[in-house]
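Enquirer: mind looking at a prediction? Sequence and model below.
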Number of protein chains: 2
Amino acid sequence: MLDANTVLIGKKPAMNYVLACLTVIQNGADSVTLKARGRAISRAVDVAQILTKRFATDVGVKNIAINTEQVKSVETGSMNNVSSIEILLGK
Amino acid sequence: MLDANTVLIGKKPAMNYVLACLTVIQNGADSVTLKARGRAISRAVDVAQILTKRFATDVGVKNIAINTEQVKSVETGSMNNVSSIEILLGK
């Protein structure tokens, strides 16, 4: 599921993930997938926009999918729903 | 640009916007568009997921578009780029 062309977006500054995506593309990949959950979703959109508008203008958004994932709460042990996004970027 | 079938997602709880969408659909609309900027993007995804999975299962995600908007900073007066999302939901 998690291949080398996938960048998981977390809590670091967006530019870190932009660099990670650029590395994937520089290594010869035609596409890179951004994945994020919860509040990191807006950062994933930021990364996609910074990458396609500034650093890799030959790369565009190919597909965006949103979904719901079940996550077990660390505090209560109950299952919570959390939204997720997958942004496929490609040449 | 902003028609009656558009729901702008801001800082209120997601359920407020889910109700707004349900109202639009109940009024006979076939589709509703969610728009959000910056950190509200993840909430827009939440709203889309809650609506399509729980309250209006006949409605699905038809299209998702991401973009960059220029916003004038209130503090400095300079122009900032902010990411935006548009989620089109329809029957």
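Expert: Looks like it arrived, so ask away.

Enquirer: please make it C-alpha for all contacts and neighbour counts, starting now.
Expert: OK.

Enquirer: residue contacts, residue A:8?
Expert: Residues in contact with residue A:8 (Cα atoms under 8 Å, 6 or more residues apart in numbering or on different chains) are A:34, A:35, A:36.

Enquirer: could you see whether chain B lies near stretch A:50-69?
Expert: Yes. Using Cα under 8 Å from any Cα of the partner chain, we find that stretch A:50-69 touches chain B at A:64, A:65, A:66, A:67, A:68.

Enquirer: buried members of the residues you listed into PyMOL, please.
Expert: In PyMOL syntax, the buried subset of these is picked out as below (16 or more other Cα atoms under 10 Å in any protein chain shown):
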select buried, chain A and resi 64+66+67+68
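
Enquirer: related to what we said a few turns ago, out of the contacts of residue A:8, which are buried?
Expert: By 16+ other Cα under 10 Å, the contacts of residue A:8 give A:34, A:35, A:36 as buried.

Enquirer: list the helices and strands the helix or strand that the first one is a member of packs on?
Expert: Translated: residue A:34. Element membership for residue A:34, per DSSP states H and E: strand A:31-37. If you count contacts as 3 or more Cα pairs under 8 Å, 6 or more residues apart in numbering or on different chains; DSSP states H and E, strand A:31-37 packs onto strand A:6-8, helix A:14-26, helix A:41-50, strand A:79-90.
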